[in-house]
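Engineer: Sequence and predicted structure, then a few things I'm wondering about:
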Amino acid sequence: MAVVLDLLRNDQRPRHPEKAHRPDKPIQRKPDWIRVRAPGSPGWAETSRIVHEHGLVTVCEEAGCPNIGECWEKRHATFMIMGDTCTRACSFCNVRTGLPKGLDADEPEKLADSVAKLGLHHVVVTSVDRDDLVDGGAEHFARTIRAIRRMSPSTTIEILTPDFLRKEGALEIVVAARPDVFNHNLETVPGNYLTVRPGARYFHSVRLLQRVKELDPTIFTKSGIMVGLGEERNEVVQLMDDLRSADVDFLTIGQYLQPTKKHHEVVRFVPPDEFKGLETTAYAKGFLLVSATPLTRSSHHAGEDFARLKMARLARLAPEAVSA
């Protein structure tokens with residue numbers, strides 16, 4: 001039986017104590033179409049230095065993102081606020097679980113300083129779930145957005161939030177800070193929630209995204225899912241319909257990759273041509289932008305995608321202006 005330790009921080013405590021006694025699930029060999037270059041370039045090293053110098057946490061490292069080498073080489077990083085410990089225990093996620101520490105009141109300013117030093121034109125900020133906080137961390141999100149605006153007024157801001165389940169008024173606090181993109185991932189189809197995302201509620205997440213548009217129609221909304229968790233194609237198509245009913249602009253679809261033997265197994269590696277088919281279907285449903293490839297992740301190419309998203313909205317609202 002394997003026990004997963006937190007070697008990211010030389011911590012010998014189990015990283016996922018709730019998974020420690022689960023039976024091991026073998027990790028399958030990845031197919032040829034899932035290959036990435038190992039990190040180690042000068043750009044990657046400089047990004048790493050700035051991030052760690054400020055004591056910041058990134059989802060790139062915590063979740064073991066396969067694209068970290070490419071993104072950090074370009075000085076792109078997805079910052080994870082409110083600590084490194086999540087109060088949920090999703091079976092797909094490699095972020096540490098347990099009882100989090102208190103919030104760092106200086107974190108918004110430290111993160112904003114890093115954004116300025118990296119010279120980011122577009123930044124993505126996510127967080128762990130903080131069910132232990134009265135507002136789920138909504139005010140901390142808002143303070144972070146405002147700090148970045150003060151120090152880097154030309155930087156566009158994308159947030160990837162938890163679901164703020166049973167946190168009355170939390171969403172309104174975040175939306176009032178006016179991020180440019182509001183992302184909340186459904187992660188998988190509703191039939192998988194009990195085993196993949198047990199602490200969440202599918203239709204609450206859909207309603208959260210719909211409510212963002214009701215509060216501020218100018219904010220782009222975005223959601224992402226993983227495939228390879230045993231879902232059927234018709235379930236994914238229904239999920240697309242649910243997101244479009246909530247007026248979501250941008251959908252990302254990527255291959256689920258199993259972090260450890262204690263996590264949910266990969267049921268299937270979805271070939272690239274099926275991703276292309278899902279992309280075609282999603283565009284037919286009316287999404288402004290779709291990214292569907294095996295290595296697609298929520299924040300991968302986020303800056304470039306934001307520019308494409310703005311152009312797509314402009315084209316839909318005033319096609320003659322774009323063609324002129």
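Structural biologist: Received it, and whenever you're ready, just let me know what you need. Residues are numbered from 1 along each chain as shown.

Engineer: Distance of the nearest residue to residue 17 once chain neighbours are set aside relative to residue 15?
Structural biologist: By the measure of Cβ to Cβ, 6 or more residues apart in numbering, the closest residue to residue 17 outside its immediate chain neighbours is residue 98, 6.5 Å from it. Every residue, glycine included, has its C-beta placed from N, CA and C. Taken as Cβ to Cβ, to the nearest Å, the spacing of residue 98 relative to residue 15 amounts to 9 Å.

Engineer: okay, the two: which has more neighbours?
Structural biologist: In terms of neighbours (other Cβ atoms under 10 Å), residue 15 is the more surrounded of residue 98 and residue 15; the figures are 25 against 16.

Engineer: And the more buried one, how far from residue 86?
Structural biologist: Looking at residue 15 against residue 86, where the rule is Cβ to Cβ, the gap reads 11 Å.

Engineer: Common neighbours of these two, please.
Structural biologist: In terms of Cβ atoms under 8 Å, 6 or more residues apart in numbering, residue 15 and residue 86 are both contacted by the residues 96, 97.

Engineer: Can you show me the strands along the protein?
Structural biologist: Assigned by DSSP state E, the chain shows strands spanning 5-6, 11-14, 57-58, 78-81, 85-86, 96-97, 122-127, 156-160, 181-183, 220-227, 250-255, 289-292.

Engineer: and those as JSON lines, adding distance to residue 139, mean pLDDT and mean neighbour count?
Structural biologist: Shown next, in JSON lines, are the strands of the chain (distance: least, Cβ to Cβ, whole Å; pLDDT from 0 to 100; neighbours: other Cβ atoms under 10 Å):
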{"stretch": "strand 5-6", "distance to residue 139": "28", "mean pLDDT": "42", "mean neighbour count": "14"}
{"stretch": "strand 11-14", "distance to residue 139": "29", "mean pLDDT": "64", "mean neighbour count": "12"}
{"stretch": "strand 57-58", "distance to residue 139": "19", "mean pLDDT": "66", "mean neighbour count": "24"}
{"stretch": "strand 78-81", "distance to residue 139": "12", "mean pLDDT": "88", "mean neighbour count": "24"}
{"stretch": "strand 85-86", "distance to residue 139": "19", "mean pLDDT": "94", "mean neighbour count": "22"}
{"stretch": "strand 96-97", "distance to residue 139": "23", "mean pLDDT": "90", "mean neighbour count": "22"}
{"stretch": "strand 122-127", "distance to residue 139": "12", "mean pLDDT": "94", "mean neighbour count": "24"}
{"stretch": "strand 156-160", "distance to residue 139": "13", "mean pLDDT": "96", "mean neighbour count": "23"}
{"stretch": "strand 181-183", "distance to residue 139": "16", "mean pLDDT": "98", "mean neighbour count": "25"}
{"stretch": "strand 220-227", "distance to residue 139": "21", "mean pLDDT": "98", "mean neighbour count": "25"}
{"stretch": "strand 250-255", "distance to residue 139": "26", "mean pLDDT": "97", "mean neighbour count": "25"}
{"stretch": "strand 289-292", "distance to residue 139": "30", "mean pLDDT": "97", "mean neighbour count": "22"}
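
Engineer: Let me know which of these is the nearest to residue 196.
Structural biologist: Taking Cβ to Cβ as the criterion, residue 196 comes closest to strand 220-227 out of the strands of the chain, the separation being 8.5 Å.

Engineer: circling back to that earlier point, distance to residue 167 added to the strands of the chain, as JSON lines?
Structural biologist: What follows is the strands of the chain, written out as JSON lines (distance: least, Cβ to Cβ, whole Å):
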{"stretch": "strand 5-6", "distance to residue 167": "28"}
{"stretch": "strand 11-14", "distance to residue 167": "28"}
{"stretch": "strand 57-58", "distance to residue 167": "21"}
{"stretch": "strand 78-81", "distance to residue 167": "16"}
{"stretch": "strand 85-86", "distance to residue 167": "15"}
{"stretch": "strand 96-97", "distance to residue 167": "19"}
{"stretch": "strand 122-127", "distance to residue 167": "13"}
{"stretch": "strand 156-160", "distance to residue 167": "15"}
{"stretch": "strand 181-183", "distance to residue 167": "15"}
{"stretch": "strand 220-227", "distance to residue 167": "19"}
{"stretch": "strand 250-255", "distance to residue 167": "24"}
{"stretch": "strand 289-292", "distance to residue 167": "29"}
